[in-house]
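Engineer: What follows is a predicted protein model with its sequence.
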Amino acid sequence: MKVLYVCTELFPLLKTGGLGDVSGALPPALRDAGCDVRVLLPGFPPIRSGVGPSRLPRSYPLQLPAGQGPRVEDLGLSEPPVVHPATLPGSGLAAYVLEARALFDRPGNPYLDTHGDNGIRFALLAWSAACIGHGLDPHWQPDVLHCHDWHTGLAPLYLRQMAMPGPPPAASVFTIHNLAYQGIFPDSLFGQLGLPEYLFGIDGIEFWGQVSFMKAGLQAADRITTVSPAYAREILEPEQGCGLDGLLRARSAVVSGILNGVDYEVWNPSRDGVLMHPYDWDSLAGKVKAKAQLQRRMGLQVRRDAMVFGVVSRLTEQKGLHLVEALTDELVSMGAQLAVLGAGDIPLEQAFLRAAARHPGRIAVDIGYDESLAHAIMGGADVIMVPSRFEPCGLTQLYGLRYGALPLVHRVGGLADTVVDASAQNLEAGFATGFIFDEYTVQGLRTALHRALRLYAQPPAWARVQQIAMRQRFDWGEAAAQYTSLYRSLKPDAAHA
Ligand code: ADP
Ligand code: GLC
């Protein structure tokens, strides 16, 4: 089974969030599950400089037959776009890098639309995926294109629309990591996409008078997946459907949820290079040291008895962190500490910084992106807070589980699928792994916080839950097996790798 995995970020080369972690881990897991996987990435600077040379013989200029594909000729590129074979570091997987220097060779966040050409940039990525799906590389034609998020949404559509001779094209799977980010562009973009007029309509990729790349993926993919079973159900309803629930309901027969996994090579307290004293469920004394290490690193009072609440997150409306901010003074009055690492909405960043200024030594806030500090917080925190309004999967609560930083989460999406609440019943049955609240309000969060504090006051009970949490497994192998059987349902005759 040949699979072309199409994405825009991949840990450790480029990561802005969970998609990077997923793309770093899932392709190797698919290979281990027996697929012949290659990854297609746009040539952002850290990707171009991070990939290794390829053993494959040559590069492929993108063919742009007249009237088909995005009108890049309008952009006046000095060189035609090319797909370069490359090798991924670590996994050694084969990759293709889409080179169009004028479009991708830009510093900073890869999604910022600094030149106002995001539509055409990501259309070109999708087009290159479709070209490979149609046999651009004569030595390797994929059976399946597996596309991720709106950046790749046009790929299943181009794949279907492209009129080319040769063997039948690949099938397509489109994975939604976050339906809230849709890739919406002005209607004027449509004329540049090289698609027939009729597709600018309600049954095509038009969305309230504009062009939606997410909608293109949802319309044209053979299968749609999302990153947890709960989110797969939630997006069929208006509340979480972001205006696309009607379309998703119409296609519900091909929608399913496959839960993300954790890369336990990267997120593992027993061999985490950031922790001076690694630990595991049978050596929790190391976690006490990790707490002291974190307290020192972030300028918190080094106190073993202070319960440390941690946050590692994008600071956006999705993540519900205004609920945490509203409780900062209360947390401190209860003797707890708070360690926040995040970046995003300026008013929220400032509110957290003000809380830190009010409570030096008790609240520490680091505004920025820091992979090493993220590991230190997982190691040092007693509780990791993920009170998201919605959460397609969420990875930080899974990392929290592995590090014995018990997740405190809102009952939604992947959070609901992965955390077991410390109710009296679940505690007694030995199932509890964290704290869940239902009501998305400050009061809802407060009640869960109090429950966490009460359990923390009983060290043996707390340690028991930590040990259960740390033993949970969210293996990529399991997800890879589910994706593989999905691919096989589309291409039953594809050869085994
Ligand atoms: P999302 O993709 O919605 O941001 P996830 O929980 O799936 O949420 O993944 C977030 C990933 O990004 C995790 O690996 C987390 O550790 C990381 N992360 C988020 N914010 C930061 C930050 N400020 N610094 C370092 N890592 C961060
Ligand atoms: C998105 C979602 C997050 C998910 C991640 C990886 O960023 O917001 O819930 O874990 O993708 O699938």
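Structural biologist: Looks like it came in fine. Ligands and ions are numbered 1, 2, ... in the order given.
Engineer: For residue 331, give me its contacts.
Structural biologist: Neighbouring residues of residue 331 by CB atoms under 8 Å, 6 or more residues apart in numbering: 309, 337-338, 363, 449. All C-beta atoms are positioned from the backbone trio N, CA, C, and that covers glycine.
Engineer: Let's see which of these end up in helices.
Structural biologist: In helices, judged by DSSP state H, the following of those are found: residue 449.
Engineer: and residue 85, that one's in a strand?
Structural biologist: Yes. The assignment for residue 85, made by DSSP: H, G, I helix; E, B strand; the rest coil, places it in a strand.
Engineer: can you count the residues close to it?
Structural biologist: Counted with other CB atoms under 10 Å, residues neighbouring residue 85 total 21.
Engineer: Let me know the pLDDT of it.
Structural biologist: The model reports residue 85 with a pLDDT of 95.
Engineer: hang on, the earlier thing: let's have the contacts of residue 331 in a markdown table, adding distance to ligand 2, pLDDT and neighbour count.
Structural biologist: Supplementary listing: the contacts of residue 331 in a markdown table, determined by distance: CB to the nearest ligand atom, whole Å; pLDDT from 0 to 100; neighbours: other CB atoms under 10 Å:
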| residue | distance to ligand 2 | pLDDT | neighbour count |
| --- | --- | --- | --- |
| 309 | 20 | 98 | 26 |
| 337 | 26 | 98 | 26 |
| 338 | 22 | 98 | 28 |
| 363 | 25 | 98 | 26 |
| 449 | 22 | 98 | 25 |
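Engineer: May I ask which two of the contacts of residue 331 are separated the most?
Structural biologist: 363 and 449 (14.4 Å; CB to CB).
Engineer: quick revisit: tell me which entries of the contacts of residue 331 lie within strands.
Structural biologist: Among the contacts of residue 331, the ones falling in strands (DSSP state E) are 309, 337-338, 363.
Engineer: which parts of the helix or strand harbouring residue 355 are buried?
Structural biologist: Taking DSSP states H and E as the definition, one finds residue 355 inside helix 346-358. Neighbour counts over helix 346-358 (16 or more other CB atoms under 10 Å) mark 348-349, 351-352, 355-356 as buried.
Engineer: Now residue 211, what are its backbone angles?
Structural biologist: phi -100, psi 130 (degrees, to the nearest 10).
Engineer: contacting residues for it?
Structural biologist: Residues near residue 211 by CB under 8 Å, 6+ apart: 119, 184-187, 189-190, 193, 200, 205.
Engineer: who does it bridge with?
Structural biologist: residue 185, residue 206 (DSSP bridges).
Engineer: Find me the pLDDT at it, would you?
Structural biologist: Checking the pLDDT column for residue 211, the value is 98.
Engineer: and if you look at residue 496?
Structural biologist: Reported pLDDT for residue 496: 67.
Engineer: burial count for whichever residue of the chain sits closest to ligand 1?
Structural biologist: Per CB to the nearest ligand atom, residue 18 is where the chain lies closest to ligand 1, at 2.2 Å. Residue 18 has 23 neighbours, counted by other CB under 10 Å.
Engineer: Return the residues in contact with the residue lying closest to it once chain neighbours are set aside.
Structural biologist: When the adjacent residues along the chain are set aside, residue 18 lies closest to residue 395, with 4.7 Å between them (CB to CB, 6 or more residues apart in numbering). Going by CB under 8 Å, 6+ apart, residue 395 touches 18, 21-22, 260, 262.
Engineer: change it to 7 Å
Structural biologist: Neighbouring residues of residue 395 by CB atoms under 7 Å, 6 or more residues apart in numbering: 18, 21, 260.
Engineer: Now the last one: closest residue in space, sequence neighbours ignored.
Structural biologist: Here the nearest residue to residue 260 in space, its sequence neighbours aside, is residue 393; by CB to CB, 6+ apart that works out to 4.4 Å.
Engineer: Ramachandran angles for the one you found?
Structural biologist: phi -130, psi -60.
Engineer: wait, it sits on residue 262?
Structural biologist: No. Residue 393 is not in contact with residue 262 according to CB atoms under 7 Å; the separation is 10.7 Å.
Engineer: More neighbours: these two, which one.
Structural biologist: A direct count of neighbours by other CB under 10 Å for residue 393 and residue 262 places residue 393 higher, at 27 against 21.
Engineer: where's the more buried one relative to residue 440, distance?
Structural biologist: Computed as CB to CB, to the nearest Å, the residue 393 to residue 440 distance reads 18 Å.
Engineer: Beyond the helix or strand harbouring residue 20, next helix or strand please.
Structural biologist: Taking DSSP H and E as the definition, residue 20 sits inside helix 18-32. Proceeding N to C from helix 18-32, the next assigned helix or strand is strand 36-42, under DSSP H and E.
Engineer: Could you list every helix and strand in contact with the helix or strand residue 460 falls within?
Structural biologist: Assigned by DSSP H and E, residue 460 belongs to helix 459-471. If you count contacts as 3 or more CB pairs under 7 Å, 6 or more residues apart in numbering; DSSP states H and E, helix 459-471 packs onto helix 396-402, strand 406-410, helix 442-456.
Engineer: Would the second one count as contacting ligand 1?
Structural biologist: Right, strand 406-410. No. Strand 406-410 does not reach ligand 1 (CB under 6 Å from any ligand atom); its nearest approach is 10.8 Å.
Engineer: That strand near ligand 2 anywhere?
Structural biologist: No. For strand 406-410 and ligand 2, the contact criterion (CB under 6 Å from any ligand atom) is not met; the two come no nearer than 11.5 Å.
Engineer: Just want the angle from that strand to helix 442-456.
Structural biologist: Angle, strand 406-410 to helix 442-456, by axes from the mean of the first three to the mean of the last three CA atoms, to 10 degrees: 160 degrees.
Engineer: contact partners of strand 406-410?
Structural biologist: By CB under 7 Å, 6+ apart, the list of residues contacting strand 406-410 reads 320, 382-388, 397, 400-401, 415, 419, 433-437, 440, 448, 452, 465-466, 469.
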